[in-house]
Structure formats: C-alpha cells, structure tokens
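In: Provided below for reference: sequence and predicted model.
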Amino acid sequence: MLQASSVTFGYDEQKPVLRDVSVNVPAGGIVGILGPNGSGKTTLLRLLAGTRHPQAGTVTLDGTPLTALSRVALARRMAVVPQETQLAFDYTVAEVAMMGRYAHLGPFEIEGPSDIAVVDEALASTGTLPLKDRLFATLSGGEKQRVVIAAALAQIFRLKPEATKSGPGGFRLQPEEFGYLLLDEPTASLDLGYQLDVAALLQQLHAERGVTIVISTHDLTLAGSLCRRVLLLRDGVVQAEGPTDATLTPHNIRGLFGVEVDVIRHASGRRVLVPTGRSARS
Amino acid sequence: MTLQRRFARTILGFGTLAAVTILIAPAIGPTPISLARVFSRVIPFADNADAQIFFIARLPRTLAGALVGALFASAGVVFQGLLRNALATPFTLGVSTGAALGAVLAISFNWSIGALGISAVPVAAFAGSLAAVAIVYALAQARHRGLSTTVLLLAGVTMNAFFSAMILFVQYFASFADVYRTLRWLMGDLDVSSYEPIVAALPAAIAAFAFFAWLARPLNLLSLGADGAESRGLDVTRAQRAAFLSASLATGAAVTVGGPIGFVGIIIPHLVRLLVGPDHRLVLPAAALFGAAFLVACDVIARLIFAPVELPVGIITALIGGPFFLWLLIKKR
C-alpha cells in the first residue's frame, strides 16, 4: 500500500502546490489522478515517488515513510514514467531499458545474464523486443513511451528466488512483489492510436502481471476506462476521491474542468463521458 | 555482445593506439636519434646525446602530452554527460581559463604552500577551475532541465572573456620575461623538459580518474534528466557534485602541466561515441586513452612542422578543433 496522508508541498514554501492531499494506492490497484493542467498532478506523483518530500504530512510505503527508505530500495519497488523522455545521447532501446537495472547493481557491477533476461522480458511484455537494437531517438512517440514503460518494468521486475529453468533465457520472472508503476500523463503527447496502445498495455500489465498503477491524466476517457479509483485534484486540493463510476459524475467534472458532460452507457458496457460544452460561469 | 567483451575490446583497441603513439613519439623529432644508442649500456649517460634527447627532452614531453590529453578528453566526457550537452568541455565552459587564471596568479606572485616550499600552482589551478565550475553549477541548478546550447556557449564566452581579462590584468604587473613565458604557456604548451610537473599533477589526476570510474554509470542515468535518474535510484545531487568536483580536479591538473589546451575535450569524446556508442563505461576509458594518443600525436606535429621552432601544441589542436566544433554546431539539431 502506497499512502499519502495530508501532504502539503510547494517548490516555494510560501506558495503550496498541494494542500492537505491524501491518497491511498492499494497494492494491485489502478488509481487515476485527474485534474486540469497546473492542478498539482505531477507534483503529487513526485511526492508518491519520493523524489520530493512533503513539507507537512507523510508518504508511506507499506507503513514505512519514504524518507526512511534508501533511494535504491525505493527504486526497486517503484518506477516512474514521465510524459516525455529525451536522451542527451544516442542510446539504443536495449541500453535505455537496462538503465532500469541501476538499483539492482553495485557501484562497479556489470549487468549479468539475469539482468539481460529481465530486460528482454520487460521489452517483450511491452511489444518492443524487436526494436531492441534501434536507436531510441529514431522511434515514434508511442514506441518511445512503450520502451520507457519497459525500462520501468525492468526496474521493478525481479527474478523468482528459485529461478527455475523454464523461461526463454532460463529464468522465470515476476514483478517485484507489488511493484508500483507511476505514470505522469503518459499519453498526453501521443496520437490517438498510440494513446489506445498505451492504455491497453497498462490494462494488460495490471491484469497479467499484477503491477500496481498510479496514473495522472486529464483524459476523462482514459481515466474512466482504466482506473478503479480516481482522485480529482484542482488547484492542489482534493475535490473528490473514490471508485471511478461514483466519482466521475457530471457534478464533479463540472467542478473540476468547468465542463458539462453526459454520461453514456456504451454498447460495450463501458461508461463513457461525453463533453457537451463549457459550464455557465458561476 | 556482452558489455564485458565490448569493454575488453575497447580497452585493447584504444590502449594499443595510446601505447604505440607514446612509444613512437619520443623517437621522432627534428634531430634524428638512434634508438640503439639511446638504450646502449656502453655509453655513459653524460656522453650520450641521443639518450639525453630521448629521456630529458622528449620523453617527459610525450608523457605530459599523454596525461594532459587523457585528462582533458575525459573531463570533456564528464562535463557533457553532466550538462546533457555534447558541446560542453573544460575549454568552452571557461573552466580551463579559470584554472589558467589560478595558475598565473600563483606563478606571478610566487605563491607556495606554507613552510613546505611546494609550488602552489596545481592548488591554485584547481581553485580557479573550481570557481569557474561553481558558476556553471549555479547556472545548471537554475535551469534544472539541462543547459541549452545557447546558454552554455554564452556562459562559456563570458567566462573566458572575464578570466582572460583577469589574466591580462595580472600580466600588467609582471616583468617582460614572465609575460613572454606565460603567454607561451597560455597557448597550450607541453614544453616541460622535466618529470617534475607531471609528478606534481599526478595525485590530482589519479583522484579525478578514480571519481570518473565511479561516475560512469551515474552519467548514463543522468542523460535521462535529473528526475529520471533520481527515480531509478541515483542520488543525483551527490553524483552531480562528484562530477563537478572531479572534472575541476582533472582540468586543474591538466592546465598546470600543459596550459589551457583547447578542443581535445570535444573532438575526442565525439569520435569515441561514434566508435563505441554512448555508454559512459566504455566512453570514459576510451576517451582517456584516445585523448592521450591524440595530444601526443598533435605535439609531434607541433614539434616538426616548423622545426627547429617548436609550436605550442594548443595551436595545432585549435586548428583541428575549431572547424570541428563549428561543424558540430551546424550539425546539431
């Protein structure tokens, strides 16, 4: 369980970006953080990832405050996927994915066959294994995002303790127990087709690998179809929090985005939110 | 191919290149010498002109070139990885000139450390490069997404102009002979003619290389940006500080021996990345070895081209590196 309790944070302490925000991410869950641009979604993810620490309140992983965990210990359980990744140099896809293994190796240790097996497995599970030797910079936006997700999986995957010789490389892999994947608007800069690709991939990783997912987005459709629970964030304050269907209501959406929506039950049985216009200003 | 094998091949390839260059260079020069006489045990050293040329004039110069080339090239790699920009080097950032100012101050005012009577030049050069690096660090902190090429180049130009002006200011008070000597050294000159400067720079150089070995993996992660590196388990602040400190050490040591020789830190890392890829565990050792070979070779050219006049090697590296740098700037997306 990843838990933020009444966290307050500002890059400038006088101007808090988040005020008294609480969120629970149960192991094995999919939680969406929804809100307009500038509402503090990215900052909340940073606090959950432990790359920033709150000025008030605590963030805990299974009851242990993140401040008490080493960076390496944290990185083995939790990986972050940013909106966009730009590399300073021309690394290959395999090299990018291998960067996920940093926390599993000693200061001068060189990756061994088991790490290579983990990386191959991670690339395979995001459908990017055929791109292994391509230069990352030459990929499309959707391919890049899948590779970055693969790197994140390589970070939270581990070898089964009894590593039996049954996998393709002689290793059996599973995600680190209750590995957490934190994604910051992973589809915001992608074309529609790639958006659907990434959403389907996340759905599959959750269902088949038991990866816990926290995703920030301003995409109502993505949040509605993917997440079990959502947290609505506006100006750094929680507007509502709860199960997706009960929380993504026309009333809450109006409060969040200032937009009117109709809720429609699609033929597939999915609940779809259709924006119909700007709300009358109060 | 596994990284172990790529590493072995890289070290072997570039190591051979460096070793061959360092072995051949002292045998070449305007005065022909016979290697048989150089290593002859029959002729006493005092009467053996060939051995004297080899061991006193040329070998220290070659070794100094190798050390300085290795330091500048690997410091270039570290600055580039740290600032996420392939145009960052000790020279373009103004760090070399900062080190030179420190060294010029120490030379002109004849500073020495305490009662030991040791020259303060290496320490002053290190302090100068550290001061310059502190300014770059402040800039990088203020723009945590990495320095844009524009900001980086402007900062470098400004710092070079500032430190150069300070050097001229110090020179204003120096004697004519001192000015001439300093000017030559500022052009980047390996005319050391003894082993003493090399030995003096060695502790800082060894410390810098030890840091660089540890930094290889962190530098790989830093190319993802600070947030990406941090979430993968790297202590970014510590890695950045280690990188800035060790690159300053390397630049200070190199400048103490050879003056602010330019462009080695950009030509070599770029060529090495084309040959071995961007992984810093390969790039760093390869750049150090290739940098050593490159500067020694440039110095051979500097000694021969207008023989018996010996040009400062900095002129040769600038002639090669200036156009190379412009080409990179044009090519950069």
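Out: Done, it's in. Since this is a predicted model, take the numbers as computed values, not measurements.
In: Quickly find the element holding the residue of the stretch 201-333 of chain B found nearest chain A.
Out: With CB to the nearest CB, the shortest gap between the stretch 201-333 of chain B and chain A falls at residue B:233, namely 3.2 Å. C-beta: built from backbone N, CA, C; applies to glycine. Counting by DSSP states H and E, there is no helix or strand that carries residue B:233.
In: Which residues are in contact with it?
Out: A:71, A:72, A:74, A:75, A:76, A:102, A:103, A:155 (CB atoms under 8 Å, 6 or more residues apart in numbering or on different chains).
In: Got the phi and psi for the fourth one?
Out: Right, residue A:75. Main-chain torsions, residue A:75, degrees, to the nearest 10: phi -60, psi -30.
In: Settle this for me: residue B:140 is touching residue B:79, isn't it.
Out: No - with contacts counted by CB atoms under 8 Å, residue B:140 stays clear of residue B:79, the gap being 10.4 Å.
In: neighbour count winner among those two?
Out: Ranked by neighbour count (other CB atoms under 10 Å in any protein chain shown), residue B:140 and residue B:79 place residue B:79 first, with 30 against 24.
In: Next one, pLDDT for that one please.
Out: Per-residue confidence (pLDDT) for residue B:79: 92.
In: ok but residue B:122 is inside a strand, no?
Out: No - with DSSP: H, G, I helix; E, B strand; the rest coil as the criterion, residue B:122 is located in helix rather than a strand.
In: Let me see the contact set for the residue lying closest to it once chain neighbours are set aside.
Out: Closest residue to residue B:122 apart from its sequence neighbours, by CB to CB, 6 or more residues apart in numbering or on different chains: residue B:256 at 4.6 Å. Residue B:256 makes contacts with B:99, B:103, B:121, B:122, B:125, B:197, B:200, B:201, as judged by CB under 8 Å, 6+ apart.
In: Out of those, list just those in helices.
Out: Judged by DSSP state H, helices contain the following of the contacts of residue B:256: B:99, B:103, B:121, B:122, B:125, B:197, B:200, B:201.
In: picking that back up, and the gap between the residue nearest to residue B:122 and residue B:85?
Out: Residue B:256 is 26 Å from residue B:85, where distance means CB to CB, to the nearest Å.
In: tally of neighbours for residue B:126?
Out: For residue B:126, the neighbour count with other CB under 10 Å is 24.
In: want to try CSV for the contacts of residue B:256, with pLDDT and neighbour count as columns?
Out: Listed next are those as CSV, based on pLDDT from 0 to 100; neighbours: other CB atoms under 10 Å in any protein chain shown:
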residue, pLDDT, neighbour count
B:99, 90, 33
B:103, 86, 30
B:121, 79, 23
B:122, 80, 27
B:125, 87, 33
B:197, 84, 20
B:200, 85, 16
B:201, 87, 25
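In: Which of the contacts of residue B:233 fall in helices?
Out: Applying DSSP H to the contacts of residue B:233, the entries found in helices are A:71, A:72, A:74, A:75, A:76, A:155.
In: If we only consider those, which is nearest to chain B?
Out: Distances from chain B to the ones in helices among the contacts of residue B:233, taken by CB to the nearest CB, are shortest for residue A:75, at 3.2 Å.
In: How about that closest one: what's its closest non-neighbour residue?
Out: Closest to residue A:75 by CB to CB, 6+ apart is residue B:233, at 3.2 Å.
In: How about the backbone phi and psi for the one you found?
Out: Per-residue torsions, residue B:233: phi 110, psi 10 (degrees, to the nearest 10).
In: need the residues of the stretch 1-150 of chain B near chain A, please.
Out: B:2, B:3, B:4, B:7, B:80, B:81, B:84, B:85, B:86, B:146 (CB under 8 Å from any CB of the partner chain).
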